[in-house]
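Asks: Compute the structure for the input listed below.
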Amino acid sequence: MITKIVLCAFPNRLTAGLWRMGRLVSCEVFKNDEPGLNDFRIFLHRQKSVPIFLIADAVEEDYRIETAPHTTGKAREVLLDRKLGQLYRTTSYRAAQHIGRERDNRRDDIFLLVALSNAESIQPWILAMNEQRAPLAGVYLLPMVSQYLINRLKLSAPHLLLMDGQVSGLRQTYFHNGQLRVSRLAADISSTHGDHTQLYLDETEKTRLYLLSQRLIAPDTKLSLLILVNGEAGEEICRTVGNKLDVECLALASERLASHIGIDVHALQKFPELLYMQTVVKGGTPVNLAPEAQTRDYQIRSIRRWLGYAAFGLLLGGLLYTTMNIKGTLDAGSQLAQDRAQTLDFERRYDEVARNFPATPLPGNDLKTVADMYQAIAANNQTPRRLMLVVSTALDGVPEIQLQRLRWKFTEDINTKDEVSGTQPAGNHNTPPANSVTSGLREVGFVDGEIRNFNGDYRAALDTVNHLVERIQKDARVENVTVVQQPVNVSAYSSLQGSTLDAQAQQMPAALFKLKLILKPVTAP
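Replies: Numbers count the residues shown, from 1 in each chain. This next block holds a predicted model:
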């Protein structure tokens with residue numbers, strides 16, 4: 001929030017400060033009477049829609065340390081509302097602050113319950129804000145704001161007692177390890193004591209006895225005292241109280257406080273309550289005591305403000321995205337224009353070079369036809385190498401066969417025959433299809449072989465040839481293999497000749513066979 005209004009209410013007056021960008025712009029005081037309330041209404045009318053933070057400094061306040069089972073979320077909220085309702089039934093200004101957990105096995109939560117038991121000192125100002133529909137952000141007790149002041153001053157004493165003389169009286173606040181535990185206000189200090197040193201001495205002793213009675217400190221606990229008094233009076237008070245009560249005492253003047261919280265020292269000397277009001281502006285807002293009905297306008301305005309921020313963010317993102325798209329389109333158009341210009345330049349330079357080409361005896365189309373034909377011939381330029389590799393690979397596993405002849409053809413007719421013998425196929429091993437003309441040139445091979453050391457065992461010879469055929473068929477380069485001639489005529493119509501009595505005396509004929517192979521087309525890389 002860029003602009004804030006922070007109010008500090010005392011029983012007899014109200015101090016109102018206006019901040020912009022974290023800097024105090026103006027500070028006004030309104031008395032708690034009818035003219036003062038009318039002036040306050042005019043002040044609110046001039047500052048419409050500015051969020052308001054109200055600090056209350058009153059005697060009618062209560063602080064209690066309570067424990068509760070460890071809960072979170074909605075369960076904790078319901079538990080605290082019930083406990084606050086039981087303890088503070090007569091006031092609606094109440095709240096609970098979580099300050100830690102116990103160290104026993106249950107690890108219960110520890111809460112500081114605070115309440116403004118008598119709201120008469122702030123009620124007229126609350127009514128004036130309701131009349132003007134001013135967005136009240138919250139109501140906070142001054143001692144709870146001082147907890148954030150201690151943190152900003154970086155004071156780490158385990159038992160610290162803060163003493164500060166305000167309009168309402170001498171405020172004494174006890175902190176344990178930086179956490180607020182209790183606070184008391186000695187009213188009308190100017191009329192009851194002429195000697196401020198004696199006043200601080202008496203009130204410090206009363207507070208120490210009260211802390212002992214509440215078991216907040218032990219008898220041997222050594223307090224650290226922080227006194228907010230200007231000039232040499234603060235140093236004198238510290239020396240006297242420290243020597244007589246055996247406590248550590250530190251006095252901070254307005255100059256040091258103003259530099260720590262970032263406020264004008266003259267304004268702080270004139271209005272000491274600005275110390276706490278500036279702390280709220282810097283982000284030191286404790287738990288809110290005001291009921292939800294009094295802060296509803298602020299919540300609604302906050303939601304509207306965040307929705308406005310979200311809409312502005314979406315608009316900004318849309319504009320950024322549109323700008324990037326427009327820039328991309330312009331860049332693409334510029335690149336396209338450059339490419340077109342480069343293309344025209346290349347064409348112009350090509351034409352210039354082409355005009356200087358020497359004259360050719362043939363037209364360009366004829367040269368292109370010749371080049372295409374050369375490429376086609378080169379693509380179909382095959383050798384018997386694949387056929388030789390297939391046959392040699394198969395023969396490696398059949399040493400009983402001796403190769404007699406190998407013929408290779410590169411033709412479109414896969415049913416071509418070996419013109420040398422003209423022998424018809426003798427078997428039906430994977431007979432090729434009837435359509436003998438293919439769409440391209442194919443490799444066809446004929447293999448003539450002989451069974452080594454043939455002893456007349458035709459069954460063994462047939463098995464050997466079939467074994468060779470199986471090995472050739474398993475080769476991935478082979479499309480089909482057929483047996484053109486078996487080593488023996490197995491036809492049922494052939495006649496048997498000779499005598500079994502003189503079979504051993506006769507010379508065994510050679511066991512010859514012929515195979516036809518069709519290789520698969522070579523796939524272009």
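
Asks: shaky segments in the stretch 151-300 of the chain?
Replies: Counting by pLDDT under 70, the ranges of the stretch 151-300 of the chain that qualify are 187-195, 230-231.

Asks: Measure how buried Ala476 is and give me the count.
Replies: 7 (other C-beta atoms under 10 Å). Quick note: C-beta positions are derived from backbone N, CA and C, even for glycine.

Asks: Let me know the secondary structure of it.
Replies: Following DSSP: H, G, I helix; E, B strand; the rest coil, we place Ala476 in the coil state.

Asks: ok, it to Val390 distance?
Replies: Counting by C-beta to C-beta, to the nearest Å, the separation of Ala476 from Val390 is 10 Å.

Asks: ditto for Tyr63
Replies: 102 Å.

Asks: what sits opposite Arg13 in the beta ladder?
Replies: Lys31 (DSSP bridges).

Asks: Show the contacting residues for it.
Replies: By C-beta atoms under 8 Å, 6 or more residues apart in numbering, the contact list for Arg13 reads 29-32, 36, 167.

Asks: how far out from the middle of the chain is the helix or strand where Gln97 lies?
Replies: Taking DSSP states H and E as the definition, Gln97 sits inside strand 94-101. On the basis of C-alpha atoms, centre = their mean, to the nearest Å, strand 94-101 sits 33 Å off its chain's mean C-alpha point.

Asks: Check for me that Asp418 belongs to a helix.
Replies: No - with three-state DSSP as the criterion, Asp418 is coil rather than part of a helix.

Asks: which residues does it contact?
Replies: Neighbours of Asp418 in contact, by C-beta under 8 Å, 6+ apart: 407, 446, 484, 514, 516.

Asks: Repeat the analysis, applying 10 Å as the threshold.
Replies: 405, 407, 409, 444-448, 484-485, 514, 516 (C-beta atoms under 10 Å, 6 or more residues apart in numbering).

Asks: what about it, distance to Asp448?
Replies: 8 Å.

Asks: Would you map out the domains in the protein?
Replies: 3-60+118-290, 299-337, 385-491+506-519 (automatic domain parsing).

Asks: In the longest strand belonging to the chain, which residues are buried?
Replies: Secondary structure of the chain per DSSP state E: the longest strand is strand 437-451. Neighbour counts over strand 437-451 (16 or more other C-beta atoms under 10 Å) mark 442-451 as buried.

Asks: Identify whichever of the domains of the chain lies nearest to Pro358.
Replies: domain 299-337 (36.6 Å; C-beta to C-beta).

Asks: In contact with the nearest residue to Pro69 once chain neighbours are set aside: list those residues for me.
Replies: Nearest non-adjacent residue to Pro69, counting by C-beta to C-beta, 6 or more residues apart in numbering: Asp108, 5.9 Å away. Taking C-beta under 10 Å, 6+ apart, we find Asp108 in contact with 66-71, 101-102.

Asks: any idea which helix or strand carries the closest residue to Val281 other than its chain neighbours?
Replies: Excluding the flanking residues, the one nearest Val281 by C-beta to C-beta, 6+ apart is Trp19, at 5.0 Å. Here Trp19, judged by DSSP H and E, is contained in strand 13-20.

Asks: picking that back up, name the helices or strands packed onto the strand holding Gln97?
Replies: With contacts taken as 3 or more C-beta pairs under 10 Å, 6 or more residues apart in numbering; DSSP states H and E, strand 94-101 sits against strand 61-68, helix 73-87, strand 109-116, strand 136-141, helix 142-153, strand 179-187.

Asks: Distance to Pro291 for these - can I get that in a markdown table?
Replies: Below are these laid out as a markdown table (distance: least, C-beta to C-beta, whole Å):
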| stretch | distance to Pro291 |
| --- | --- |
| strand 61-68 | 17 |
| helix 73-87 | 11 |
| strand 109-116 | 12 |
| strand 136-141 | 9 |
| helix 142-153 | 17 |
| strand 179-187 | 22 |
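
Asks: For Val167, give me the backbone phi and psi.
Replies: Backbone geometry at Val167, expressed as degrees, to the nearest 10, gives phi -60, psi -40.

Asks: Can you give me every residue that contacts it?
Replies: Counting by C-beta under 10 Å, 6+ apart, Val167 has contacts 8, 10-13, 15, 29, 57, 271-273.

Asks: ok, 8 Å please
Replies: 10, 12-13, 57, 273.

Asks: same thing with Ala96?
Replies: Contacts of Ala96 by C-beta under 8 Å, 6+ apart are 66, 80, 83-84, 111-114, 287.

Asks: got any ranges where this structure has weak pLDDT?
Replies: In the chain, residues with pLDDT under 70: 1, 187-195, 230-231, 360, 364, 420-439, 489-508, 524-525.

Asks: ok, 50 please
Replies: Counting by pLDDT under 50, the chain has low-confidence residues at 191-193, 422-431, 434, 494, 496, 498, 500-501, 503, 505.

Asks: Which helix runs longest in it?
Replies: helix 296-355 (DSSP state H).

Asks: From the contact counts, what lies against that helix?
Replies: Here helix 296-355 touches strand 136-141, going by 3 or more C-beta pairs under 8 Å, 6 or more residues apart in numbering; DSSP states H and E.

Asks: Now with 10 Å, please.
Replies: strand 52-56, strand 136-141.

Asks: will you turn the ones you listed into a markdown table that also has mean neighbour count?
Replies: Formatted as a markdown table, those follow (neighbours: other C-beta atoms under 10 Å):
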| stretch | mean neighbour count |
| --- | --- |
| strand 52-56 | 24 |
| strand 136-141 | 24 |
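
Asks: can you redo those strands as CSV with distance to Thr90?
Replies: Listed next are the helices and strands packed on helix 296-355 as CSV, based on distance: least, C-beta to C-beta, whole Å:
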stretch, distance to Thr90
strand 52-56, 16
strand 136-141, 16
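
Asks: so which of the ones you listed comes closest to Phe357?
Replies: Of those, nearest to Phe357 by C-beta to C-beta is strand 136-141, at 88.1 Å.

Asks: And that closest one, how far out from the chain middle?
Replies: With C-alpha atoms, centre = their mean as the basis, the mean position of strand 136-141 lies at 36 Å from the chain mean.

Asks: same check, this time on stretch 101-109
Replies: Distance, centroid of stretch 101-109 to centroid of chain: 35 Å (C-alpha atoms, centre = their mean).

Asks: now do stretch 67-81
Replies: The answer for stretch 67-81 is 32 Å, by C-alpha atoms, centre = their mean.

Asks: Distance-wise, check Thr72 relative to Glu102.
Replies: For Thr72, the distance to Glu102 - C-beta to C-beta - is 16 Å.

Asks: Comparing these two, which shows the higher neighbour count?
Replies: Comparing Thr72 with Glu102 by other C-beta under 10 Å, the one with more neighbours is Glu102, at 12 against 8.

Asks: excluding its backbone neighbours, what's nearest the more buried one?
Replies: Glu102's closest residue in space is Asp108 (C-beta to C-beta, 6+ apart), at 4.8 Å.

Asks: For the one you found, grab phi and psi.
Replies: Dihedral angles (degrees, to the nearest 10) for Asp108: phi -70, psi 150.

Asks: With Cys8 instead?
Replies: phi -130, psi 110.

Asks: Which stretches in the stretch 351-500 of the chain count as helices?
Replies: Counting by DSSP state H, counting those that start in this stretch, the stretch 351-500 of the chain has helices at residues 364-379, 385-395, 458-474.

Asks: So which of the ones you listed is nearest Val281?
Replies: Once the helices of the stretch 351-500 of the chain are compared by C-beta to C-beta, helix 364-379 is nearest, at 86.5 Å.
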